[in-house]
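Chemist: next one to model:
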Amino acid sequence: MSDTPPVSIIMATRDGVDHLDDQIHSIFDQSRGNWDLHIFDGGSTDGTWELVSRYALEHPDRVHVKQDPRVSGSAMAMCLAALGTMEPAEYFMFCLQGDVWTPDKLSKYQVRMRGLETARGGDEPLAIHSDVALLDTDLGVLDESYLESLGIDGTENGIGTLLVQNPVVSRTLMGNRTLWRMLVEHPMADGDVPLLDLWVGQIAASCGMLSFISDPTASMRTDDQAESAYLPRWENEAGVGLGLEEYIGQAALLLELYGNRMDEQARRVVSTFAGIRELGKLKRVSACLKNHILRTGRGRQIKQLLSI
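Modeler: Predicted coordinates for the structure are as follows:
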């Protein structure tokens, strides 16, 4: 549908030749077609670069490739770095080399984003994320809902919840032009913040809106090591208190860089959590309850409040 806004799909690759065809084919099979694919390769040596270069030659109007062997870090870091090298499109989406998109993913996201823009306007940073299904190496379904397998409610998108829990799966993110420009204004890489996908979600949730599509819009393989290495840190049930300092630090940086873009309520919530260690135990618990700075699920909430 040529009348739909253009979408720049950004994919990071590194030694993913075994599964890359499946992902690219699933993008070409989308029910809506106004997109272009930008593939950034971090120095693959297994034939990935040759494969994506072939796609670029066969579809020069849609597939654009770039290789830089000096690029290192997670796939999410590579995708964020790519934003700074491109001219902002109306929308951007991230995808990873081992995934498979559902045929209606792009259509669902564009319809949702248009609804957000109608309700909120285009001057605010807007983002969408969704659930994903888990696959084995042969594309057999292991779990239809990744977030449910973690016990996370993706519909809880308020900034309070996002300060202490990450429901955002990087490979499902879509953002608008305003969010793109905000991310480029203060570029982040691995190590700058603990959780890059959560960082994107927090910017949207605190300065604009973050929306969730409950249906899985992609499937990811469980052997996708490029992005799965961080998952145990994402929801560390064994040490809520250990991860808390990282969450507080990320909140403090969010407030420093984007506090002037937040409305009064969001700024108060983020500021409260960033300074929560200055309060006594009972006041810390009260502040979390009052500002809904809570993980989802009664068990997680109890662990959080006992550990804070």
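
Chemist: tell me where the stretch 151-300 of the chain has helices.
Modeler: In the stretch 151-300 of the chain, helices defined by DSSP state H, counting those that start in this stretch lie at 159-162, 177-185, 196-207, 225-228, 231-234, 240-258, 264-274, 281-290, 298-307, listed in chain order.

Chemist: which one of those helices has the lowest average pLDDT?
Modeler: Least confidently modelled of the helices of the stretch 151-300 of the chain is helix 231-234, at a mean of 36 by mean pLDDT.

Chemist: who wins for proximity to S149 among the helices of the stretch 151-300 of the chain?
Modeler: Proximity to S149, assessed across these by CB to CB, is greatest for helix 231-234 (10.7 Å). Where C-beta positions appear, they are placed from N, C-alpha and C, glycine not excepted.

Chemist: got TSV for the helices of the stretch 151-300 of the chain, with mean neighbour count too?
Modeler: Compiled in TSV, the helices of the stretch 151-300 of the chain are given as follows (neighbours: other CB atoms under 10 Å):
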stretch	mean neighbour count
helix 159-162	24
helix 177-185	18
helix 196-207	25
helix 225-228	16
helix 231-234	14
helix 240-258	18
helix 264-274	19
helix 281-290	14
helix 298-307	14
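
Chemist: who wins for proximity to I9 among the ones you listed?
Modeler: Across these (criterion: CB to CB), the nearest stretch is helix 177-185, sitting at 13.0 Å.

Chemist: using PDB, list the CA coordinates for the closest one.
Modeler: This file holds the C-alpha atoms of helix 177-185, laid out as PDB (Å, rounded to 0.1, in the frame of the first residue of the first chain):
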ATOM      1  CA  ARG A 177      10.600  10.300  13.800                       C
ATOM      2  CA  THR A 178      10.500  12.300  17.100                       C
ATOM      3  CA  LEU A 179      11.800   9.300  19.100                       C
ATOM      4  CA  TRP A 180      14.500   8.700  16.400                       C
ATOM      5  CA  ARG A 181      15.800  12.200  16.800                       C
ATOM      6  CA  MET A 182      15.800  12.000  20.600                       C
ATOM      7  CA  LEU A 183      17.800   8.800  20.500                       C
ATOM      8  CA  VAL A 184      20.400  10.300  18.100                       C
ATOM      9  CA  GLU A 185      20.600  13.400  20.300                       C
END
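
Chemist: which helices and strands sit right next to it?
Modeler: Under the contact criterion of 3 or more CB pairs under 8 Å, 6 or more residues apart in numbering; DSSP states H and E, the helices and strands touching helix 177-185 comprise helix 75-83, strand 126-130, helix 196-207.

Chemist: spatially central residue in the chain, please.
Modeler: With distances taken as CA atoms, centre = their mean, the residue of the chain nearest its centroid is S170 (3.0 Å).

Chemist: thought it was touching F94?
Modeler: Yes - using CB atoms under 8 Å as the test, S170 is close enough to F94 to be in contact (6.0 Å).

Chemist: ok, P103 - how many residues close by?
Modeler: Residues within reach of P103, counting by other CB atoms under 10 Å, total 12.

Chemist: how far away is E87 from L179?
Modeler: When distance is defined by CB to CB, to the nearest Å, E87 is 15 Å away from L179.

Chemist: next one: S8
Modeler: Taking CB to CB as the measure, S8 and L179 are separated by 12 Å.

Chemist: picking up where we left off before, turn the helices and strands packed on helix 177-185 into CSV, including distance to N166.
Modeler: Compiled in CSV, the helices and strands packed on helix 177-185 are given as follows (distance: least, CB to CB, whole Å):
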stretch, distance to N166
helix 75-83, 12
strand 126-130, 10
helix 196-207, 4
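
Chemist: is it correct that D104 is in contact with Q110?
Modeler: No - between D104 and Q110 no contact is recorded; they are 10.3 Å apart, counting by CB under 8 Å.
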